[in-house]
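[1] After the sequence you'll find the predicted model.
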Amino acid sequence: MDAPDPRALHDAVLDWYDVHARELPWRGGSATPWSVMVSEFMLQQTPVARVLPVHAAWLERWPTPAGLAADSTGEAVRMWGRLGYPRRALRLHAAAVAIVDRHDGAVPPSYDDLLALPGVGDYTASAIASFAFGQRHVVLDTNVRRVLARTVTGTEFPAPAVTRAERDVATGLLPDDEATAATWAVATMELGALVCTARQPSCGSCPVADLCAWHAAGFPAYEGPPRRGQAWAGTDRQCRGRIMALAREADSVSSARVEAAWPATEQRERCLAGLVADGLLTQITPGRWALPR
DNA sequence: TAGGCGTGGTC
DNA sequence: TGACCAAGCCT
């Protein structure tokens, strides 16, 4: 099965998006670049449904990068709530500070300037440049990678890490026109999020089912290397999460409370030290911790 | 580059 | 019911 005709793919995906796009607060003409940027940080590994309320509260409190930059990192971590990976809150705060310092408080439109910000990698820089500024960029997130793996390459899942060949495919498929390219980026992501999903894709209602190489090949099962699992029970991650939950809920936390939450001494001490080293926690007195003031 | 890093929902 | 998954980044 050959790769589908690019124009047919474009037309089908763009037409589908025109009808089925979700209305999200960080989309549409009224969304500011800052709103887009905040959403991209929050959506790194966190589902849309959980991001929505936190994103709204965040923008109400800090409508601009300068507002966040003027507040403490601890407040950012507290507002982050239970989105997970709280270091993202730290990085978003640091990015806001950098935007004030280097870009007069305005989210920069340049991919390179965006990429230089803390917590911004290739995906996030491309996404902000594309979604907030309408530029033409390859936006390769997990959704787009899965859509291209299936429709173009004919495999159920993409490789564990982005390959050169994969990037070439995405680049070759990017529409020439800037505005169309930006819509293509968000439309392919949306298709992956709503239809071409990881576990039970809705091929019956997919606009490109008749163009899809994986479909044409009879849905061959994934044969690549095993995909990375995430250990959880008993890990440092769980321990750190437990401690951070305590710290978010109170002005400060005693060592007795931490000990009750995580009895294993060695691991508890290691995680406490790690959280302090990461800037997520401060030791305010011997045996008492708090979010950074 | 592989592994660490939160949290909760789904089937 | 316990894997698997969710708009990744950093070291």
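    Cool, got the structure. Residues are numbered from 1 along each chain as shown, chains lettered A, B, ... in the order given.
[2] For the rest of this, base every contact and every neighbour count on C-alpha atoms.
    OK.
[3] Find the nearest non-adjacent residue to A:L140, please.
    Setting aside the residues directly before and after it, A:L140 is nearest to A:Y123 in space (C-alpha to C-alpha, 6 or more residues apart in numbering), at 6.0 Å.
[4] Would you check that A:A149 makes contact with A:E156?
    Yes: in this structure A:A149 lies within contact range of A:E156 using C-alpha atoms under 8 Å: 6.6 Å.
[5] Please parse chain A into its domains.
    Annotated domains of chain A cover A:32-131, A:236-290 [automatic domain parsing].
[6] Tell me which of the ones you listed sits nearest to DNA strand C.
    DNA strand C sits nearest to domain A:32-131 of all the domains of chain A, at 3.2 Å, using C-alpha to the nearest atom of the strand.
[7] Is the closest one in proximity to DNA strand B?
    Yes: interface with DNA strand B: domain A:32-131 contributes A:45-46, A:82-87 (C-alpha under 7 Å from any atom of the strand).
[8] could you flag which of those residues are buried?
    A:82-83, A:85-87 (16 or more other C-alpha atoms under 10 Å).
[9] what helix or strand is the residue positioned nearest the centre of chain A on?
    Nearest residue to the geometric centre of chain A (C-alpha atoms, centre = their mean): A:Q44, 1.8 Å. Of the helices and strands defined by DSSP states H and E, none includes A:Q44.
[10] Distance check, it against A:R87.
    Per C-alpha to C-alpha, to the nearest Å, A:Q44 is found 11 Å from A:R87.
[11] for A:F41, same thing?
    10 Å.
[12] and if you look at A:T142?
    In terms of C-alpha to C-alpha, A:T142 sits 21 Å off from A:R87.
[13] for DNA strand C, what are the nearby residues on the stretch 1-150 of chain A?
    A:24, A:39-40, A:43-48, A:85, A:117-125, A:141-143.
[14] Buried members of those into ChimeraX, please.
    To isolate the buried members of these in ChimeraX, using 16+ other C-alpha under 10 Å:
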select /A:39,40,43,44,85,117,118,119,120,122,123,124,125,141,142,143
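[15] Tell me where the stretch 51-200 of chain A has helices.
    Using DSSP state H, counting those that start in this stretch, the helices assigned to the stretch 51-200 of chain A run over residues A:65-70, A:73-80, A:87-103, A:111-115, A:122-131, A:142-148, A:164-173, A:178-194.
[16] will you turn these into TSV that also has mean pLDDT?
    Below are the helices of the stretch 51-200 of chain A laid out as TSV (pLDDT from 0 to 100):
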stretch	mean pLDDT
helix A:65-70	98
helix A:73-80	98
helix A:87-103	98
helix A:111-115	98
helix A:122-131	98
helix A:142-148	98
helix A:164-173	96
helix A:178-194	98
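[17] Which one of those lies nearest to A:L272?
    Checking the helices of the stretch 51-200 of chain A against A:L272 by C-alpha to C-alpha gives helix A:87-103 as the closest, at 14.5 Å.
[18] Can you list the buried residues in that closest one?
    With the criterion 16+ other C-alpha under 10 Å, helix A:87-103 contains buried residues A:87-100.
[19] other SSEs contacting it?
    Judged by 3 or more C-alpha pairs under 8 Å, 6 or more residues apart in numbering; DSSP states H and E, helix A:87-103 is in contact with helix A:33-42, helix A:65-70, helix A:73-80.
[20] Between these, which one is closest to A:A209.
    Nearest of these (C-alpha to C-alpha): helix A:33-42, 28.8 Å.
[21] next one: the closest one to chain centre, how far?
    With C-alpha atoms, centre = their mean, to the nearest Å as the basis, helix A:33-42 stands 9 Å off its chain's centre.
[22] Return the angle between stretch directions for that helix and helix A:73-80.
    Using axes from the mean of the first three to the mean of the last three C-alpha atoms, to 10 degrees, the inter-axis angle of helix A:33-42 relative to helix A:73-80 is 80 degrees.
[23] Not counting its own residues, what contacts helix A:33-42?
    A:26-27, A:51, A:55, A:59, A:63-65, A:83, A:88, A:92, A:107, A:119, A:124, A:127-128, A:131-133 (C-alpha atoms under 8 Å, 6 or more residues apart in numbering).
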